[in-house]
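1. sequence-free structure coming up:
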């Protein structure tokens, strides 16, 4: 994936570029808002990582200008301002996701990959399939092999989100934001418990587990046989 | 600034001056009106008596001719009075009367005239003024009757002098009064200014003087004192927070540093380093959490979050939060039950209220004991409920755990306060503080009550009447 990091803090940017290259992405760096905008305008990136406060051109203004120029490269906003209303402002300005500093790299990576993939054009299918697990979004039914699986509404949404991003790491905060619509830290491992419940319903009794824990990052649903 | 200059610049003094001018103008107008009217009245009186006398004397002339007229005139002229009489021939030669000389030309014109004159038997130099009427009699004789105007002028003078004096008195008294009032005002304002300067200089415990007279200065001082009280409380709070922040952030920071140093000193291989680094990251996550919670509380307390308040159903929030925590409770062998039978509309920040309630549920799960049902006949270990009660919506979490002793209930809401028996549990000690700050932000309160046994934590929020047709 081609990524552009627009961040004025040299150390933070170097760290990000290096870490993203290590996991196999092409990462470039722009040190201020104007440079970042100039580079992002030709639209050859899969995703942008934009610091909120930048010299010369503010991060939100940068995204606003891009959107006005009909460039819809997904943008992840990084900000030291973690408040809910800052988040809302960022998304309203045209950002696609918002990550408060300080962040864990695994969190940033998972979010950027989901953003870039979404942009890649995987349409909104009505049936998600991972291995022999099937989820029908219209009839709200889930089955694995020949067995019907009965899920609670919340479990269904959890699985739906995981399957929508099958093969990608999904972090706990992403689940909390997208499945529960909460943007606070619940302090305890509530998400883990929900996942283990879900796991007991879809993986228990099957030889091939589909719902995997990614250590230090989050969860991923994928066909283990691939 | 000189004392006098200061005095002259006071609002009280300026107001006095304005009133002074207004009153002086009013008094002057009144006196002028009075004087002019008096004068007119006297003139009218003179003209009517003179008219009457001329009519009477003309009749005497008509009845007895010039001789009778002369006799009558002589008789009247001898009596001491302010009246003037003169009868002349058609050429102006005096026949009878008490007038020695007149201004020239007065006799030639019949009708009213004001003239200077001199009486008979008076020295040459004396001169008076009179209002006279000249009329021509049938035989060509001229008759002049008049009144001296001295009386009128004297009265006019008296009024004018009285006017000048009273005006002077008004001005003098006004200025003296103004100075007196301004000095009193100035004294109190100076006292307040002095005090506020010492407060600004750092004496935050100082208060403005209140005279106890319950006037506008006292009210102002009382209000300003209330404001100072609030500022001092905030400052105290701020100091407390920074002390606590220093303590609660420095403790984990020290741990962090010690761990790194220990790793550098004792680590034998990659595995050891990895373990130390992972522990370091774990520790920093805890630090960030504490920091976030503090920021959240600060934000709730600053009232900033009031901007994005919307109306929503708190029962739904209770269901959602319960739904989020139910598996966690279940994992610990606790039954969690939700009681939210009817819509409970509140206005507020949905996210903050969710978090506040989540903190309470999180606490309950930490401390509740399996099988020890939350009282009040509940069959579950933890009961989350949302119920309207009067004009409040009560979001409550009840558990059958050890509870909080009555003496500690106020204290546990404070930041970073953790009771001895809870030290072993994970947590920042900020959960209840945040819940309390969120409740206050919404004009409500956090109450901790005895659930006998266990704890009943209640967030009471102002109720909003559900819109028609909703729910």
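-> Looks like it came in fine. Everything quoted here is computed from the prediction, not taken from an experiment.

2. buried set for stretch B:80-92?
-> By 16 or more other Cβ atoms under 10 Å in any protein chain shown, the buried positions in stretch B:80-92 come out as B:83, B:84, B:85, B:86, B:87, B:88. C-beta: built from backbone N, CA, C; applies to glycine.

3. in the chain, which helix or strand is least confident?
-> Going with chain A. In chain A, no helix or strand scores lower on mean pLDDT, DSSP states H and E than helix A:84-92, which sits at a mean of 78.

4. look at chain B instead
-> helix B:409-412 (a mean of 72).

5. so how far is it from its chain's centroid?
-> 39 Å (Cα atoms, centre = their mean, to the nearest Å).

6. distance from the very next helix or strand once past that helix to the middle of the chain?
-> Following helix B:409-412 in sequence order, the next helix or strand is helix B:431-441 (DSSP states H and E). With Cα atoms, centre = their mean as the basis, helix B:431-441 stands 34 Å off its chain's centre.

7. what is the mean pLDDT for helix B:431-441?
-> The average pLDDT within helix B:431-441 is 86.

8. which phi and psi values does the residue nearest to residue B:454 when sequence neighbours are not counted adopt?
-> Closest residue to residue B:454 apart from its sequence neighbours, by Cβ to Cβ, 6 or more residues apart in numbering or on different chains: residue B:400 at 4.2 Å. Backbone torsions for residue B:400, taken as degrees, to the nearest 10, come to phi -110, psi 20.

9. what's the answer for residue A:213, then?
-> Per-residue torsions, residue A:213: phi -90, psi 130 (degrees, to the nearest 10).

10. the nearest residue to it once chain neighbours are set aside - how many residues pack around it?
-> Spatial nearest neighbour of residue A:213, chain neighbours left out: residue A:219 (5.9 Å); criterion: Cβ to Cβ, 6+ apart. Residue A:219 has 24 neighbouring residues, counting by other Cβ atoms under 10 Å in any protein chain shown.

11. any idea how far residue A:219 is from residue B:20?
-> Distance, residue A:219 to residue B:20, by Cβ to Cβ, to the nearest Å: 87 Å.

12. show me what contacts residue A:198?
-> Counting by Cβ atoms under 8 Å, 6 or more residues apart in numbering or on different chains, residue A:198 touches A:151, A:155, A:158, A:159, A:211.

13. look up the pLDDT of it for me, please.
-> 92.

14. for the chain, which segments count as strands?
-> No chain specified, so I'll use chain A. Using DSSP state E, the strands of chain A run over A:2-6, A:26-30, A:47-51, A:75-79, A:97-100, A:127-130, A:133-136, A:141-144, A:147-149, A:170-171, A:211-214, A:218-221.

15. wait, chain B was what I had in mind.
-> B:83-88, B:94-97, B:99-102, B:111-119, B:128-136, B:142-148, B:310-313, B:336-339, B:345-348, B:382-389, B:392-399, B:445-450, B:455-462.

16. residue B:138 contacts residue B:65, doesn't it?
-> No: with contacts counted by Cβ atoms under 8 Å, residue B:138 stays clear of residue B:65, the gap being 9.6 Å.

17. neighbour count: the two, which is higher?
-> Set side by side, residue B:138 and residue B:65 show more neighbours around residue B:65, with 14 against 10, by other Cβ under 10 Å.

18. coming back round to it: can I get the strands of chain A in TSV with mean pLDDT?
-> Converted to TSV, the strands of chain A look like this (pLDDT from 0 to 100):
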stretch	mean pLDDT
strand A:2-6	92
strand A:26-30	90
strand A:47-51	92
strand A:75-79	91
strand A:97-100	88
strand A:127-130	87
strand A:133-136	90
strand A:141-144	90
strand A:147-149	88
strand A:170-171	92
strand A:211-214	90
strand A:218-221	91
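
19. for chain B, state which of the contacts of residue A:198 is nearest.
-> residue A:155 (9.5 Å; Cβ to the nearest Cβ).

20. correct me if wrong: the closest one contacts residue A:194.
-> Yes: the pair residue A:155 / residue A:194 is scored as a contact, 7.4 Å apart, by Cβ under 8 Å.

21. which of the two has more neighbours?
-> residue A:194 (25 against 20).

22. what number of residues lie near residue B:230?
-> Neighbour count of residue B:230, defined by other Cβ under 10 Å: 10.

23. equivalent analysis for the one 3 residues further on, please.
-> Here the count is done by other Cβ under 10 Å, and residue B:233 has 10 residues near it.

24. how near is residue B:335 to residue A:222?
-> 35 Å.

25. residue contacts, residue B:118?
-> Counted by Cβ under 8 Å, 6+ apart, residue B:118 has contacts B:99, B:100, B:101, B:124, B:126, B:127, B:128.

26. farthest-apart pair in those residues, please.
-> B:99 and B:124 (14.2 Å; Cβ to Cβ).

27. the more surrounded of those two?
-> For the pair residue B:99 and residue B:124, the greater number of neighbours falls to residue B:99 (23 against 8), based on other Cβ under 10 Å.

28. please identify the buried residues of the longest helix anywhere in chain A?
-> Of all the segments of type helix in chain A, defined by DSSP state H, the longest one is helix A:105-119. Residues of helix A:105-119 classed as buried: A:106-118 (neighbour count, 16+ other Cβ under 10 Å).

29. that helix near chain B anywhere?
-> No: using Cβ under 8 Å from any Cβ of the partner chain, helix A:105-119 stays clear of chain B, coming no nearer than 10.4 Å.

30. right, and residue B:448 touches residue B:404 too?
-> Yes: between residue B:448 and residue B:404 there is a contact under Cβ under 8 Å: 5.8 Å.

31. quick check, pLDDT for the residue in the stretch 201-350 of chain B that chain A sits nearest to.
-> Nearest to chain A, among the residues of the stretch 201-350 of chain B, is residue B:327, at 4.2 Å (Cβ to the nearest Cβ). On the pLDDT scale, residue B:327 is placed at 89.

32. neighbours of it, just the number please.
-> Residues lying near residue B:327 (other Cβ under 10 Å) number 21.

33. look up the closest residue to it, ignoring the ones flanking it.
-> The nearest residue in space to residue B:327 (Cβ to Cβ, 6+ apart) is residue A:193, at 4.2 Å.

34. and that neighbour, what is it in contact with?
-> Applying Cβ under 8 Å, 6+ apart, the residues contacting residue A:193 are B:327, B:328, B:330, B:331.

35. which of the residues you listed are buried?
-> Buried among those (16+ other Cβ under 10 Å): B:327, B:328.
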